[in-house]
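**Student:** here is a sequence together with a model predicted from it:
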Amino acid sequence: MTEKTLIINGQEMAFDHRQMAALGDLLQSLGIDPGQPGLATAINGRLVKTDQWNRSMIKPGDRIEIVHPLAGG
């Protein structure tokens, strides 16, 4: 892992801190609707509540977990 990466759900991803600085920015860059019911996130093992997504700053090396329901049956 380099200093300019994040680990998202166990997968390494390039990170450009100039384009995203908050967890909310990351969700949008991944095409995830932040208004989706049932969406849960954590940074480095700590749960981040929905109302904190735009204030929770991410940095290279952070481990991000994103859990959301999938449609289907």
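**Tutor:** Everything's here; your move.

**Student:** tell me where the protein has strands.
**Tutor:** Along the chain, counting by DSSP state E, strands occupy 5-8, 11-14, 40-43, 46-48, 63-67.

**Student:** for those, give me CSV that also has distance to Asp33 and mean pLDDT.
**Tutor:** In short, each C-beta sits where N, CA and C put it, glycine included. Formatted as CSV, the strands of the chain follow (distance: least, Cβ to Cβ, whole Å; pLDDT from 0 to 100):
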stretch, distance to Asp33, mean pLDDT
strand 5-8, 16, 93
strand 11-14, 19, 92
strand 40-43, 13, 97
strand 46-48, 16, 97
strand 63-67, 12, 96
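
**Student:** export these to JSON lines and tack on distance to Gly31 and mean neighbour count?
**Tutor:** Conversion of the strands of the chain to JSON lines gives the following (distance: least, Cβ to Cβ, whole Å; neighbours: other Cβ atoms under 10 Å):
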{"stretch": "strand 5-8", "distance to Gly31": "13", "mean neighbour count": "17"}
{"stretch": "strand 11-14", "distance to Gly31": "13", "mean neighbour count": "10"}
{"stretch": "strand 40-43", "distance to Gly31": "15", "mean neighbour count": "17"}
{"stretch": "strand 46-48", "distance to Gly31": "19", "mean neighbour count": "13"}
{"stretch": "strand 63-67", "distance to Gly31": "11", "mean neighbour count": "16"}
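
**Student:** okay if I get the ones you listed as JSON lines plus distance to Leu30?
**Tutor:** Below are those laid out as JSON lines (distance: least, Cβ to Cβ, whole Å):
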{"stretch": "strand 5-8", "distance to Leu30": "8"}
{"stretch": "strand 11-14", "distance to Leu30": "9"}
{"stretch": "strand 40-43", "distance to Leu30": "11"}
{"stretch": "strand 46-48", "distance to Leu30": "15"}
{"stretch": "strand 63-67", "distance to Leu30": "8"}
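
**Student:** so for Met57, which of those sits nearest?
**Tutor:** Nearest of the strands of the chain to Met57, taken as Cβ to Cβ: strand 40-43 at 8.9 Å.
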